[in-house]
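Trainee: take this sequence and fold it.
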Amino acid sequence: MWQMTQRPDVSDEDIGIRAVQIRKARAVEREIQRIRHGLGKEWSSFTEREIQELEWVLGEIWSWVPHTDWDEMHFGRLSSGEVVKLLGYGSELRRHSRATVDILTDATALVSAKE
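Mentor: Model (predicted):
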């Protein structure tokens, strides 16, 4: 006999939100790997906390820029000094020390300049 299975208590909106979160996480992880590869031995100078912060900053950038722009950005060409600068932008975002749009514009410009 055929039984009707209960649908989990998850809305289509929740599924959509989760799908976006997964796409963002994958995109950020890809770019973290490119940065790591681009920096080579210098990568080891960053702490686990700094790497987590960098992941968060990249996630903020991913959420803000059009994805066609994201695909054109060259994170793997960043220097260690530029990564430190991105970490500084992350600190500014968390402190709300300037307008979010201004900070994200600066962060995007830093990476976009690497074309």
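Trainee: quick one: low-confidence parts of this protein?
Mentor: 1-8, 115 (pLDDT under 70).
Trainee: all helices for it, in order.
Mentor: 12-39, 48-64, 67-72, 80-95, 100-112 (DSSP state H).
Trainee: how about TSV for the ones you listed, with mean neighbour count added?
Mentor: For glycine as for every other residue, the C-beta is placed from the backbone atoms N, C-alpha and C. Formatted as TSV, those follow (neighbours: other CB atoms under 10 Å):
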stretch	mean neighbour count
helix 12-39	14
helix 48-64	17
helix 67-72	12
helix 80-95	16
helix 100-112	16
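Trainee: my guess is residue 38 contacts residue 83, does it?
Mentor: No - the pair residue 38 / residue 83 is not scored as a contact, 9.5 Å apart, by CB atoms under 8 Å.
Trainee: residues in contact with the residue nearest to residue 89 when sequence neighbours are not counted?
Mentor: Closest residue in space to residue 89, ignoring its immediate chain neighbours: residue 107 at 4.4 Å, by CB to CB, 6 or more residues apart in numbering. Applying CB atoms under 8 Å, 6 or more residues apart in numbering, one finds that residue 107 lies in contact with 57, 60, 61, 86, 89.
Trainee: out of these, who's nearest residue 27?
Mentor: residue 61 (9.8 Å; CB to CB).
Trainee: how close does that closest one sit to residue 17?
Mentor: 19 Å (CB to CB, to the nearest Å).
Trainee: what's the answer for residue 32, then?
Mentor: 22 Å.
Trainee: same thing with residue 77?
Mentor: Counting by CB to CB, the gap from residue 77 to residue 17 is 32 Å.
Trainee: and residue 55, by the same measure?
Mentor: 19 Å.
Trainee: same check on residue 51?
Mentor: 25 Å.
Trainee: and if you look at residue 67?
Mentor: Relative to residue 17, and taking CB to CB, residue 67 is found at 16 Å.
Trainee: residue 34 now?
Mentor: 26 Å.
Trainee: what about stretch 87-102, how long is it end to end?
Mentor: 15 Å (CA to CA, to the nearest Å).
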